[in-house]
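Visitor: What follows is a predicted structure for the sequence shown.
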Amino acid sequence: MRTGEPLPAVGEVLAALATGLWHWDTATELVTVDAEAARLLGLPAEQTTLTEAKARARLHPVDWNEIIAVVGLAVAEGTLAEVRIRIMDEQGRVIRVVRSRSKPSFDPEKKSFQLIGTLQEVTEPTPGTPAGRSAVTGDWRRSREAFLLDAGRALAEARSTEEVLRVAAGLSMPGFTPDGLAVFGVKGDRLTIIGHHGHQPGDDGPFSHMSLDTDYPAAEVARTGRAVYLSTPEQYKSRYPAAWPLAASFNRHSWAFLPLTVAGRTMGAWMAAFAYPVTFNPDERSVLTTVARMLAQALSRAGAAETERALTDGLQRSMLPTLGPQIPGMSVAARYVPTGGGLQVGGDWYDMIPLPNGRIALVIGDVQGHDVRAAGLMGQLRIALRAYASEGHRPDAVLSRASRFLHGLSDGAIRPGAAEEDALADLRFATCLYVEADPATGTLDIARAGHPDPAIRMADGTVLARPTAGGLPLGIDPDADYPTTRIILEPGETMLICTDGLIETGGHDLESGWQRIRAILEDHKGDLEELADALVQGVHGPSSHHTTGPLADRREDDIAVLLLSRPEGCDETVPVPPKVRRTMLSVAQAEPERVAVARQHLRELLHDWPSPDQVDSAVLLVSEMLTNVLVHTDADALLLAEVRGESGGRRMRVTVTDTSDALPHKRRPGELASSGRGLMLIELLADTWGVDPQGEGKSIWFELYESDGSGT
């Protein structure tokens, strides 16, 4: 070529240099080669497009695995991927060795590789030797280190023996990959097979329950703790003539038997068998030894985890009851989910107890802590509660006795002479909610010991938290009192009681967690069992997809859930008007702070009322009526709020009842008077109102009729 002449095309230059060009897209699984690259692959010398499977069939299987490893390393380091590849013909013979150089790129959206590279024939040592299989990118040692890091991560994430074996079967060692694996264990004086890969079902029969004294390489490794390397069939036959007939039928050329050692104890042996000769040079032995050590550690961890899971399952089956027979006129569903880490059973529990009076008791609780002691105390406390309930005690008496019982257990657990901080650490308490349900009437008598309040899902889907009177958690004060709150579960309503794990999991506090649970309850359309599943699934955090191990969730605490439903039409003796929504709340003389709870309760009941002015008016009147009872009488107040009818024509009725016979009177207060305007406000804001004397006490009520928010 003379100076000044145009440069030849790239294809012409590459053809002149006997260099082929190829393109590989892992998203489409297609490989495009030009004429020279096709010739080097043993195909007709013309441009063509091959499927990934057809291209792979032209390459030595070991080299294909090496390409995958080298490409990943090149992408991570931002370098060229360069590797030597043996080209095979249809009979599996090596026809030439080529060097491939490519620049790979990774598409994170498609999660695929794009490679454009060249192929060039090179003169190599005899195929099958270590030199013939060495990668050029970095060097063989760098490729080995990358492989060991990958293998260590994958084995560390395996949680069961099955996963460990699956990871081991998928390992692509740098330059030499076995096509048959077997993991042997030791049980007494016998050799057992834990798992294998690359063999047909039934092939392990002759090797199962083999005596450790047998002249077999794996048995010798398990006895002595020393590795055995057999590079050729002749070596195998000469060293182990008795075992050779068992191995000859597999048509392998090289074998490595390595000890699986943990804490100085040989727990078994690992066999890696190769379909081609391997010399087992020091580098290759180093890789195999390191993999065997990691495999032994992974199997030991998996065995311990499986033993722990078996213990956990036994504890759960023994401590958490199955729900008893169906309750006539009611439905019950329950779920228990252990914490995501550590011991898979903790201090949460639930129970359903048939009572002597024909009623049913539902109990849910949470013992402080997530350790073995918490699980033990939970079991003891559950049995004690069942015993007290079966004796026929009322809910307040059951919790008082249980608190005294747990306090005695905690006192007895303090070690003599322990330091003050250690003694305090030994003390445990438990929260608990006890519900005595009457299936015939839907009456629920509730006693609460420091536990979250129950929630009611009404027939129309509205969800309200039900504030209930309560006392200290169990075990703190042996003489604590636990007042009882009575509510009515109307037909079509569902009660939810749960531990705080359902509310606070995922970084939520009680308020934000409750809003999340409330949304699930309001939106659910299925049956009770499906609702229980939806509640548990709704609090799990997003899974972690950046690892190849098991998916993780955000369960920081145990979760226990109990649902009690009263289907519509279950009690025909008590007619319930259609589309009725009601709530009831008591306000004691000593609890003026519950007036604020009543206001919030009424706002939740009217969450879909179209007129904000009417809601504000109702809240103002309720506050006035309750305060009037607390200020002008010595009695407690009972609030009953109802919403009836279809949307667009509903009626709100609020009634406040007390036991005082003193009737309210409308007065005309002076300009500076601080009271006397209650009835004036009711008359001004309510559509209708009244005062009804009763046998003991009175009720004052008002009604508001639904408007569209514009005053009509």
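Guide: Arrived safely, thanks for sending. Small disclaimer: the values here were computed from a predicted structure and weren't measured.
Visitor: okay, CA-based contacts and neighbour counts for the rest of this
Guide: Noted.
Visitor: Do a quick rundown of the strands in the stretch 351-500 of the chain.
Guide: In the stretch 351-500 of the chain, the strands defined using DSSP state E, counting those that start in this stretch lie at 360-367, 430-438, 443-449, 455-457, 463-465, 470-471, 484-488, 493-498.
Visitor: Please produce TSV containing those, extended by distance to residue 235.
Guide: Formatted as TSV, those follow (distance: least, CA to CA, whole Å):
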stretch	distance to residue 235
strand 360-367	64
strand 430-438	68
strand 443-449	75
strand 455-457	75
strand 463-465	77
strand 470-471	80
strand 484-488	84
strand 493-498	67
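Visitor: how about a markdown table for those, with mean neighbour count added?
Guide: Formatted as a markdown table, the strands of the stretch 351-500 of the chain follow (neighbours: other CA atoms under 10 Å):
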| stretch | mean neighbour count |
| --- | --- |
| strand 360-367 | 24 |
| strand 430-438 | 25 |
| strand 443-449 | 25 |
| strand 455-457 | 22 |
| strand 463-465 | 20 |
| strand 470-471 | 22 |
| strand 484-488 | 18 |
| strand 493-498 | 24 |
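Visitor: Format these as JSON lines; extra columns: distance to residue 87 and mean pLDDT.
Guide: Converted to JSON lines, the strands of the stretch 351-500 of the chain look like this (distance: least, CA to CA, whole Å; pLDDT from 0 to 100):
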{"stretch": "strand 360-367", "distance to residue 87": "66", "mean pLDDT": "91"}
{"stretch": "strand 430-438", "distance to residue 87": "71", "mean pLDDT": "93"}
{"stretch": "strand 443-449", "distance to residue 87": "76", "mean pLDDT": "93"}
{"stretch": "strand 455-457", "distance to residue 87": "70", "mean pLDDT": "91"}
{"stretch": "strand 463-465", "distance to residue 87": "70", "mean pLDDT": "87"}
{"stretch": "strand 470-471", "distance to residue 87": "80", "mean pLDDT": "88"}
{"stretch": "strand 484-488", "distance to residue 87": "81", "mean pLDDT": "87"}
{"stretch": "strand 493-498", "distance to residue 87": "65", "mean pLDDT": "93"}
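Visitor: closest one to residue 648 among those?
Guide: strand 463-465 (20.3 Å; CA to CA).
Visitor: For the closest one, report the contacting residues that lie outside it.
Guide: 453-457, 518, 521-522, 601, 604-605 (CA atoms under 8 Å, 6 or more residues apart in numbering).
Visitor: out of these, who's nearest residue 221?
Guide: Distance to residue 221, by CA to CA, is smallest for residue 521 among the contacts of strand 463-465, at 60.3 Å.
Visitor: Tell me which of the strands of the stretch 351-500 of the chain sits nearest to residue 333.
Guide: That would be strand 493-498 among these, by CA to CA, at 9.8 Å.
Visitor: could you say what helices and strands that closest one packs with?
Guide: When contacts are defined as 3 or more CA pairs under 8 Å, 6 or more residues apart in numbering; DSSP states H and E, strand 493-498 sits against strand 455-457, strand 559-566.
Visitor: Let me have those strands in JSON lines, extended by distance to residue 80.
Guide: Compiled in JSON lines, these are given as follows (distance: least, CA to CA, whole Å):
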{"stretch": "strand 455-457", "distance to residue 80": "63"}
{"stretch": "strand 559-566", "distance to residue 80": "52"}
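Visitor: among those strands, which is the most enclosed?
Guide: Mean neighbours per residue, mean count of other CA atoms under 10 Å, is largest over the helices and strands packed on strand 493-498 for strand 559-566, with a mean of 24.
Visitor: Noted, bye for now.
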